[in-house]
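Chemist: Fold the following.
(2 chains)
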2 protein chains.
Amino acid sequence: MRVTQALIRNLQQKPKAIATIFGDRRTTWEELVERISKLASGLLKCGLQTQDRVAIVSLNSDKYLETLFAAPWAGGVIVPINYRWSAPEIAFALNDSGTKFVFLDDEFGGLASDLRKLVNHELTIIALESEFLGSDATHEKLIAASDSVPEFHNNGDDISGIFYTGGTTGRSKGVMLTHENHMSNTFQSAALMETSDGMNYLHAAPAFHIADAEFFYTITQLAGCHVFVSRFEPQTCAEAIGKHAISDIILVPTMIQMLLALPEFSSYNFSSLKHLYYGASPMPEAVAGELIEKLPHVKAYHLYGQTESAPLLTSLDPSYHVTTGPLAGRLRSAGRAMPAVEIKIIDEGGNEVPRGTIGEIIARGPNIMKGYWGQEKLTQETIRNGWLHTGDAAHMDEEGFIFISDRLKDMIISGGENVYSAEVENAMYQHPKVAQCAVIGVPDEKWGERVHAIVLTENDEKISPEELMSHCRALIADFKCPRSITLRTEPLPLSGAGKVLKTELRKPFWKGLKKAVN
Amino acid sequence: MRVTQALIRNLQQKPKAIATIFGDRRTTWEELVERISKLASGLLKCGLQTQDRVAIVSLNSDKYLETLFAAPWAGGVIVPINYRWSAPEIAFALNDSGTKFVFLDDEFGGLASDLRKLVNHELTIIALESEFLGSDATHEKLIAASDSVPEFHNNGDDISGIFYTGGTTGRSKGVMLTHENHMSNTFQSAALMETSDGMNYLHAAPAFHIADAEFFYTITQLAGCHVFVSRFEPQTCAEAIGKHAISDIILVPTMIQMLLALPEFSSYNFSSLKHLYYGASPMPEAVAGELIEKLPHVKAYHLYGQTESAPLLTSLDPSYHVTTGPLAGRLRSAGRAMPAVEIKIIDEGGNEVPRGTIGEIIARGPNIMKGYWGQEKLTQETIRNGWLHTGDAAHMDEEGFIFISDRLKDMIISGGENVYSAEVENAMYQHPKVAQCAVIGVPDEKWGERVHAIVLTENDEKISPEELMSHCRALIADFKCPRSITLRTEPLPLSGAGKVLKTELRKPFWKGLKKAVN
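Modeler: I've put the predicted structure just below:
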């Protein structure tokens, strides 16, 4: 199976149906497939070779979808980039993956000159919308100047995309996802989902994140209509749902919270909304309760997964989104294994633990990544005997529901974005005055968790939190930078093995609260 | 993916839910998985090696399901045998596939001595129910005497089953279906189907046929309950639907016709029935109309496929089972490509024909068989560049619906069973008085088509149709034998290439009628 296969299918079966809507732009499947094919042709003319990487830094749009499918249509690999990253972070991913083609939209055209400087090989920069200083071509002109080419026949285990994700080692890693990975996730999703002919999906969550990216493949497979808003903004999102009769959407809990908190909530029309998928971060129980109360007709799915599993591992189905009745009591669960995924909870010796006992979640299935790009050793540590070691801790109940209790990997989830402490600490340590530093997640009403740093300076030198924050912003994406800092004069508490005891550091912040994890 | 994977899943998620019902016997998933595991263990103790074949000749039952899953659980391959075959036909399949283990139920225990004589290697014969003369073991005793063994970890491209199907060459062929083939068919089905927690499926169509056999995998994947009646009989089937609140069933059109024709039809309770899948032979429009009229709450799916595609290639969804409204007019169509299947209609040169033009149906997808057992050349002729050449002729409309117009392979479909003319002709030719013979399908009110033979005798010698029929019955299954015979004195009409012009022979029988093909 190939991710582009569904395009051919839709061309055969629903050529005149609307495939994409973005602002005033609409394309039918017939038009869309022609545009993708011509864009692929344009990339080939620009010198794209089989399995060459094609990155995209862009807000959500119909052209995002065209690029995402044109790369594999031409035999290439798509590399969706987190647009909140700094130029050095983006350049790191482009260098690491050897990406030679980059699409930038109007919002990020200004990165062109920095990327040329920071990337140590030749780059072809393509403007997704308008031309900008330093662009070599535009998306629209490539399409206009090219003839259709037949779809490249990728095999199931060829790489379709490389998705960069943060890492405990302090550098981001390229997760290699194959055509089979994506299609297997798609078919498992389709087996769970209630699908219909008039399906309209809203891409409001950022398309570069696997949580929304997976729906490019799934909704295309189901021949639904892709509707785009350029970024999540609660009013725009609520308006788009009513205007385009949106039936399906994925949002992270923070976004749901913002939507439910809209002052004019009752003035929007949510009647078309059938299915709300959420995941990527913990869902506070209060928000889940409010969701059930305010949108009682909407069926909610709590999805848990990782980029490494393309991404779905478990699903909590709508029937368990209840606060009363025989099925109540599972709202805090991340649900049960996806149809083709095997889930086990193991102890440190690798043995399955009894139900109810906390251990590490491991998973096996056709959607588990091929590996980390260029990191054979890390891949072998992460996938052992075919089992993905998630780094997340959970227990499983007698009916296979998992309850995630902690993330073994030292990660903070802030507004749906994963922040790896190690990466932030690496940045902090680059400041000459920082002697010791620990970065932890602390409770935050709006974002679920907030990035907090605890710092001991060299010789107790004075330093202002503002100075440390601005130091960080020059090195890493803004959302990763500490939002609050505690300066301390005592050394950080260490474990016997010399590891910082973060549990100790977290305690005062979480007193009386439960570290809410999905 | 492996066919046994879903068993582990159900054990984890629904251990106490009912998995099978047959007469008074019921098993939960927990009990069922234990029984399958112990039966697999018993087979290993009997000497089963990895990829060894295990045949079953039996009416439908819960133990059929246990055997079907125990074989791959032990690392073996299941060979479901058409129980309507004669002993020599069954022996042919066992010899051809080198099958060393055979399960026979009470109905077919009498075959044991014949099989021992006709099979040219050692056989272990296991009684599925009661012991009989010549049985080496029983299903129940194997389970009782064995400890559970862990599931054998088959790979996706390992063979899970060999399904014998008739052939144009006059001998049946073993279709090798892999774990991936079955699971891919399962996930494609699940993506189309409306599934629910209280799914009860009735195995009324014979389990050896791929049409019902596929549901062993699909219903297990969906954790539905398997209910069995030993064979299709309209009253028993109607009663079982009411008694067990059956929600899903597959039947061939002849069975549907018999069900609808029950004199006490309105006295049965069909209210639980949600989905009726049908296929394997043409559905007369009158029957489709009656179905819609008599069971208006039932959603019908017309499925088209072949054993070679495990089996689904296309589906006509419920929304097109209407006689009025904007979606009417597709009731004679076999529907559109399954989600992961690619369908093309090609001409003799292998080129795709324009929509509306008749050509051969070819198909590509993860459910296409590995090949014919031991027949490399035939496999290469049938699967070219990854495309299965179905031998069926059809045209496709502007929205991808296919309309099958003829079977290029010379096949008769009588009551859902495929009868290959060549095989019947081979049997006829073994009679010393037969000089020329052509076997064709002629219209039959009950069976859709009836096997009819046209015979020219040596020197116009006299021979009674009864003599020819009983000659055939000694060689091939009863359902394949001609039901009517025309003796003629003129040579059969031949084409330029010396092929019998069957179209000419069929004409007088089909005058004013359309050869109804699905």
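Chemist: tell me the domain ranges of chain A?
Modeler: A:5-303, A:411-510 (automatic domain parsing).
Chemist: Out of those domains, flag the one nearest residue B:81.
Modeler: Across these, residue B:81 has its closest neighbour in domain A:5-303 (30.8 Å, Cβ to Cβ). Where you see a C-beta, it was placed from the backbone N, CA and C, and this is true even at glycine.
Chemist: okay, how far is it across that closest one, tip to tip?
Modeler: 25 Å (Cα to Cα, to the nearest Å).
Chemist: from the middle of its chain, how far away would that domain be?
Modeler: 10 Å (Cα atoms, centre = their mean, to the nearest Å).
Chemist: quick one: the spatially most central residue of chain A from residue A:429, how far?
Modeler: Centre of chain A computed as the mean C-alpha position; nearest residue by Cα atoms, centre = their mean is residue A:209, 2.6 Å away. Distance from residue A:209 to residue A:429, counting by Cβ to Cβ, to the nearest Å: 28 Å.
Chemist: same question, residue A:441
Modeler: Distance from residue A:441 to residue A:429, counting by Cβ to Cβ: 19 Å.
Chemist: Over to residue A:379?
Modeler: 27 Å.
Chemist: Compare these two (neighbour count), which wins?
Modeler: residue A:379 (18 against 14; other Cβ atoms under 10 Å in any protein chain shown).
Chemist: Make sure that one is actually in contact with residue A:373.
Modeler: No - using Cβ atoms under 8 Å as the test, residue A:379 is too far from residue A:373 to be in contact (9.2 Å).
Chemist: Would you mind naming what in the stretch 351-500 of chain A lies close to chain B?
Modeler: Within the stretch 351-500 of chain A, the residues that sit near chain B (Cβ under 8 Å from any Cβ of the partner chain) are A:365-366, A:396, A:398-400.
Chemist: Need the overlap of contacts for residue A:379 and residue A:373.
Modeler: Overlap of the contact sets of residue A:379 and residue A:373 (by Cβ atoms under 8 Å, 6 or more residues apart in numbering or on different chains) is empty.
Chemist: residues touching the most far-flung residue of chain A relative to its centre, list them.
Modeler: Most distant residue from the mean C-alpha position of chain A: residue A:459, 40.8 Å away (Cα atoms, centre = their mean). Residues near residue A:459 by Cβ under 8 Å, 6+ apart: residue A:435.
Chemist: do the same with residue A:208
Modeler: A:56, A:80-83.
Chemist: Out of those residues, which end up buried?
Modeler: Buried members of the contacts of residue A:208, counted by 16 or more other Cβ atoms under 10 Å in any protein chain shown: A:56, A:80-83.
Chemist: Just confirm the residue farthest from the centre of chain A is within a helix.
Modeler: Yes - judged by DSSP: H, G, I helix; E, B strand; the rest coil, residue A:459 forms part of a helix.
Chemist: sorry, back to before: was I right about the residue nearest to the centre of chain A contacting residue A:84?
Modeler: No - with contacts counted by Cβ under 8 Å, residue A:209 stays clear of residue A:84, the gap being 10.1 Å.
Chemist: what does the longest helix seen in chain A rub up against?
Modeler: As assigned by DSSP state H, the longest helix anywhere in chain A is helix A:29-45. Residues outside helix A:29-45 that contact it (Cβ under 8 Å, 6+ apart) are A:4, A:7-8, A:10-11, A:14-17, A:19-20, A:27, A:54, A:65-67, A:69-71, A:73-74, A:76, A:101, A:137, A:139, A:142-152, A:223.
Chemist: now residue A:416, nearest residue through space, not along the chain?
Modeler: Leaving aside its sequence neighbours, residue A:416 sits nearest to residue A:252 (Cβ to Cβ, 6 or more residues apart in numbering or on different chains; 3.0 Å).
Chemist: my guess is the one you found meets residue A:211, correct?
Modeler: Yes - proximity of residue A:252 to residue A:211 meets the contact threshold set by Cβ under 8 Å, at 7.0 Å.
Chemist: buried stuff in stretch A:97-111?
Modeler: A:97, A:99-106, A:108-109, A:111.
Chemist: How about the contacts made by the residue of the stretch 301-450 of chain A found nearest chain B?
Modeler: In the stretch 301-450 of chain A, the residue that lies nearest chain B is residue A:400 (3.7 Å; Cβ to the nearest Cβ). By Cβ under 8 Å, 6+ apart, the contact set of residue A:400 is A:336-337, A:343, B:9, B:12-14.
Chemist: Leaving out chain neighbours, which residue sits closest to residue A:304?
Modeler: residue A:334 (3.8 Å).
Chemist: Residue A:103 now?
Modeler: Nearest residue to residue A:103, sequence neighbours excluded (Cβ to Cβ, 6+ apart): residue A:56, at 4.4 Å.
Chemist: and the residue nearest to residue A:375 when sequence neighbours are not counted, bridged to which residues?
Modeler: Excluding its sequence neighbours, the residue lying closest to residue A:375 (Cβ to Cβ, 6+ apart) is residue A:173, at 6.2 Å. Residues in a beta bridge with residue A:173, per DSSP bridges, are residue A:165.
Chemist: related to what we said a few turns ago, can you tell me the SS state at the residue nearest to residue A:103?
Modeler: Strictly by three-state DSSP, residue A:56 counts as strand.
Chemist: in terms of contact, does it touch residue A:80 like I think?
Modeler: Yes - applying Cβ under 8 Å, one finds residue A:56 in contact with residue A:80, separated by 5.7 Å.
Chemist: residues bridging contact with these two, i.e. touching both?
Modeler: Common neighbours of residue A:56 and residue A:80 (criterion: Cβ under 8 Å, 6+ apart): A:68, A:208.
Chemist: What is the neighbour count of the nearest residue to residue A:483 once chain neighbours are set aside?
Modeler: Excluding its sequence neighbours, the residue lying closest to residue A:483 (Cβ to Cβ, 6+ apart) is residue A:450, at 4.8 Å. Using other Cβ under 10 Å, residue A:450 has 20 neighbouring residues.
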